[in-house]
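No sequence on hand, only this structure:
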């Protein structure tokens, strides 16, 4: 399996209903699934741009994105806790030149703060 390049880890890794402490059901979203949601739905990348950014094939991004959206829907519709962890990824290097406008780490460096 090819490692998927990820430019930021989520600041929060658990989401769910307010009474989540009483629930046992948990949906696990991988970090690379989180990254596709961030790049496509938040940054506005196409699947092709996201694939290039993550250094994988567009069909790989399509599968990752579909899985991520399904997990979001399960959490929202069924009131299940969503936790982000694991996956086949590597964080981009802070000096990586090919990181483009979707790199969250690059934005943080410009402001004087670097989070790793």
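Structure's in. What do you need? Predicted model, so just to flag it, every value in this text is computed and none were measured.

can you point me to the longest helix in this structure?
helix 58-78 (DSSP state H).

Which helix or strand lies directly C-terminal to that helix?
Downstream of helix 58-78, the first helix or strand assigned by DSSP states H and E is strand 81-84.

ok, back up a step: counting contacts, what elements does the longest helix of the chain pack onto?
In terms of contacts (3 or more CB pairs under 8 Å, 6 or more residues apart in numbering; DSSP states H and E), helix 58-78 is packed against strand 26-29, helix 31-37, helix 47-54, strand 81-84. (Each C-beta comes from the backbone N, C-alpha and C, glycine too.)

Mind doing that once more with 10 Å?
Judged by 3 or more CB pairs under 10 Å, 6 or more residues apart in numbering; DSSP states H and E, helix 58-78 is in contact with strand 4-6, strand 14-15, strand 26-29, helix 31-37, helix 47-54, strand 81-84.

Let's have those in TSV, adding distance to residue 63 and mean pLDDT.
TSV is the format used below for these (distance: least, CB to CB, whole Å; pLDDT from 0 to 100):
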stretch	distance to residue 63	mean pLDDT
strand 4-6	11	88
strand 14-15	22	88
strand 26-29	14	95
helix 31-37	10	95
helix 47-54	10	94
strand 81-84	18	94
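
Much appreciated, bye for now.
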